[in-house]
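Student: Just a sequence and a predicted model for now, questions to come.
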Amino acid sequence: MTIRHTIKTEDYHYKTNIPIRFADIDAFGHVNNAIYLTYFEVARSAYWNEIIEWDWSNIGIILRNSHVEYLKPIMLNDEVYAYVRTSRIGGSSFDLEYILIKVVNGEEQICTTGSTLCVAYDYNAGKPVPIPEYQRKKMENL
């Protein structure tokens, strides 16, 4: 049994535009289900670069798992945005949550929700490492 909580975009402090490409559309005229993970990636990368200011030259990030819940279809000409937030911070891992919305008649409609478990990773050492303190503080402050 799934326990649902109320999804409120007001709980998110970061929002970015998601451009819809013709190649994203499937034979039924809506965004293919596999593309949603790409939209999460676009939003996540912008969030890390603009807000968290992740130092990619020092430590990478890998995804351990992803979850997507499809609520409404997204079409080619929709105006789409992603909300992103850090919802949990551990020693070397953290969770991100996403809301994809489309703007219809000036109002936001929630289309998709999701989450990813991310791990700070040292590619040279080949192992997870603690989240750098500067980035941890940026995540905590949001």
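Tutor: Okay, I see it.
Student: got a list of what Phe22 touches?
Tutor: Leu76 (Cβ atoms under 8 Å, 6 or more residues apart in numbering). C-beta coordinates here come from the backbone N, C-alpha and C atoms, glycine included.
Student: Distance of it relative to Asn32?
Tutor: Going from Phe22 to Asn32 by Cβ to Cβ, to the nearest Å gives 12 Å.
Student: For the most centrally placed residue in the chain, grab phi and psi.
Tutor: The centroid of the chain falls nearest to Phe40 when counting by Cα atoms, centre = their mean (4.0 Å). For Phe40, the backbone dihedrals are phi -60, psi -40 (criterion: degrees, to the nearest 10).
Student: Kindly report the same for Ala34.
Tutor: Torsion angles, degrees, to the nearest 10, at Ala34: phi -70, psi -20.
Student: measure the residue of the chain most remote from its centre to Leu63 for me?
Tutor: Relative to the centre of the chain, the most outlying C-alpha is that of Ala125, 26.6 Å out, by Cα atoms, centre = their mean. Distance, Ala125 to Leu63, using Cβ to Cβ: 18 Å.
Student: what pLDDT does the residue nearest to the centre of the chain get?
Tutor: pLDDT, Phe40: 98.
Student: That one against Tyr98, yeah?
Tutor: Yes: Phe40 lies in contact with Tyr98 (Cβ atoms under 8 Å); the separation is 5.1 Å.
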